[in-house]
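[1] mind looking at a prediction? Sequence and model below.
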Amino acid sequence: MARTNLATRRIKPEHSELLTLRVLRRERISPHFARITLGRGDVEEFRYMGFDQWFRLFIPVSEDSLSRLPDKLNAVSYAKFLTTAKISRPVLRNYSVRAYRPVGPDGPEIDVDFVLHGSAKNGTAGPAATWAQTCEEGDAVAILDEGIRFNPPRGVEHVLLVVDETGLPAAAGVLAALAPETRGLALIEVPSEADLQPLDAPAGVEVRWVVRDHPESTPGRAALAAAQALPTATSPTYGWVVGESNLAASLRRHWIRNGLPKDHIMFCGYWRKS
């Protein structure tokens, strides 16, 4: 992650341990998204918290990749993790729970959506996106639950969610978990019309899609412009912005200049455009 106030806003899980799961299904849901469904293994130990629950995902690169992973990830354990030889060190990335089903054919199921930039076939995709396009049923991964970022102050019932495509899975989780009486707006930027998804949201929360003029344009710029063009909120509002680092940091500054209290904002730069 690039820039964030996550440390002061996060709700940690009561208990978190390393869980080994298996791939149940792989689905290409749109031009720029793949959905991997995980389950079996230790999935019964996973405790779903809803909203934008996120986790560390360890993708193996060799047969012994998942054999020596830490039970928690802090500065010390992460430094030790980095000393593992690259030929066996798993790929480590952060992902959100797109959906959770407590009952499935083989027990609980966790959907994880991956943004696909580049192609696994021609080698232009990153390691996680490549895995999402090539994994098979039964493949093992490990996850480490990190809890929830969405944590509005008590009494705030108006929300403003702003994301690029990397934040879409987390926004979907937030929208699905909001109380029915919640009011607000979700601005969701995607590369193309074909990437729009059906989302569950309270009747009082408008979902407004922002489609880029060109799929390869810098993610987050269109969502930032749309958010900055909104009128200043007249009721207590909770601002939640995640995605490319410039989107998150710039919109936080804009909100503060327009009077939104800092403790009414959660911002997280998932990645930085080079």
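    Everything's here; your move. Numbering: from 1, shown residues only.

[2] so where is the protein shaky, pLDDT-wise?
    Scanning the chain for pLDDT under 70 picks out 1-3, 6-8, 120, 274.

[3] what segments of it are helices?
    With helices called from DSSP state H, the chain shows them at 6-9, 75-82, 127-134, 168-177, 221-228, 245-257.

[4] for the fourth one, list the C-alpha coordinates in CSV.
    Extracted as CSV, the C-alpha positions of helix 168-177 are listed here (Å, rounded to 0.1, in the frame of the first residue of the first chain):
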residue,chain,number,x,y,z
LEU,A,168,-14.4,-2.2,-6.7
PRO,A,169,-14.4,-5.5,-4.7
ALA,A,170,-14.0,-3.7,-1.4
ALA,A,171,-16.7,-1.2,-2.4
ALA,A,172,-19.0,-4.0,-3.3
GLY,A,173,-18.5,-5.5,0.1
VAL,A,174,-19.2,-2.2,1.9
LEU,A,175,-22.4,-1.6,-0.1
ALA,A,176,-23.7,-5.0,0.6
ALA,A,177,-23.2,-4.6,4.4
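
[5] report the distance from it to the chain centre.
    9 Å (C-alpha atoms, centre = their mean, to the nearest Å).

[6] helices or strands next to it in the packing?
    strand 91-96, strand 99-101, strand 109-115, strand 158-163, strand 183-190, strand 237-244 (3 or more C-beta pairs under 8 Å, 6 or more residues apart in numbering; DSSP states H and E). In short, each C-beta sits where N, CA and C put it, glycine included.

[7] what sits up against it?
    Residues from elsewhere that reach helix 168-177 (C-beta atoms under 8 Å, 6 or more residues apart in numbering): 33, 50-54, 95-99, 112-113, 115, 149-150, 159, 161, 163, 186, 188, 190, 197, 199-202, 205, 207, 240, 242.

[8] since we're on the residue nearest to residue 36 when sequence neighbours are not counted, how many residues are nearby?
    Once flanking residues are discounted, residue 36 sits nearest to residue 112: 5.0 Å by C-beta to C-beta, 6 or more residues apart in numbering. For residue 112, the neighbour count with other C-beta atoms under 10 Å is 22.

[9] hang on, residue 94 packs against residue 52?
    No - under the contact definition of C-beta atoms under 8 Å, residue 94 does not touch residue 52, with a separation of 11.3 Å.

[10] quick one, which of the two is more surrounded?
    More crowded of residue 94 and residue 52, by other C-beta under 10 Å: residue 52, with 27 against 15.

[11] that one: what's it in contact with?
    96, 148, 149, 150, 170, 171, 173, 174, 240, 242.

[12] same check on residue 194?
    Applying C-beta under 8 Å, 6+ apart, the residues near residue 194 are 30, 31.

[13] could you measure from it over to residue 256?
    35 Å (C-beta to C-beta, to the nearest Å).

[14] swap in residue 145?
    In terms of C-beta to C-beta, residue 145 sits 31 Å off from residue 256.

[15] and the two? Which one has more around it.
    Remark: of residue 145 and residue 256, residue 145 carries more neighbours, 23 against 14, as counted by other C-beta under 10 Å.

[16] number of residues surrounding the closest residue to residue 216 other than its chain neighbours?
    Leaving aside its chain neighbours, residue 216 sits nearest to residue 191 (7.8 Å; criterion: C-beta to C-beta, 6+ apart). The tally of other residues near residue 191 (other C-beta under 10 Å) stands at 22.

[17] if anything else comes up later, I'll come back, but that's it for now.
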